[in-house]
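1. What shape does this take:
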Amino acid sequence: MRGIEKTTFGDLEPLICDVDAAVDVLQDMMERDFAQAELVQIDRGEADRLFFVISMASKLSGELKRAYYKGWEDQKGGAVE
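-> Numbering: from 1, shown residues only. This is a model prediction of the structure:
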């Protein structure tokens, strides 16, 4: 049986980079499609892409938050499940 692996803050780098990339794509889409003074219309495909990126950013940020607090607890010597 393996012991519980501790999370270090260095382990968070790939997840942080994924969250940053997802938010960067989302920001680019928002600036391109919605940073205009006039009414903006997007087609169904673009709406689906936008929803996907928002969903991924939300999912990844939740994972990052959980991983951060696990790392925090592991650093203090506690265990979080």
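
2. what about the helices in the chain?
-> Assigned by DSSP state H, the helices in the chain fall at 13-34, 44-76.

3. any idea how far S55 is from L39?
-> Distance from S55 to L39, counting by Cβ to Cβ, to the nearest Å: 25 Å. The way it works is simple: take the backbone N, C-alpha and C, and place the C-beta from them, glycine included.

4. neighbour-wise, which of these two wins?
-> Using other Cβ atoms under 10 Å as the criterion, S55 and L39 rank with S55 on top: 11 against 5.

5. Let's see the pLDDT reported for that one.
-> Note for S55: predicted pLDDT of 91.

6. what bits of this structure have low per-residue confidence?
-> 1-4, 78-81 (pLDDT under 70).

7. picking that back up, so which of the helices of the chain comes closest to E5?
-> Nearest to E5 among the helices of the chain is helix 44-76; the distance by Cβ to Cβ comes to 8.8 Å.

8. Going by contacts, tell me the helices and strands next to the closest one.
-> Applying 3 or more Cβ pairs under 8 Å, 6 or more residues apart in numbering; DSSP states H and E, we find helix 44-76 packed against helix 13-34.

9. how far out from the middle of the chain is the helix it packs on?
-> 9 Å (Cα atoms, centre = their mean, to the nearest Å).

10. again, but for stretch 60-74
-> On the basis of Cα atoms, centre = their mean, stretch 60-74 sits 12 Å off its chain's mean C-alpha point.

11. pretty sure T8 is touching E73, no?
-> No - using Cβ atoms under 8 Å, T8 is not in contact with E73, being 11.9 Å away.

12. quick one, which of these two is more surrounded?
-> E73 (15 against 11).
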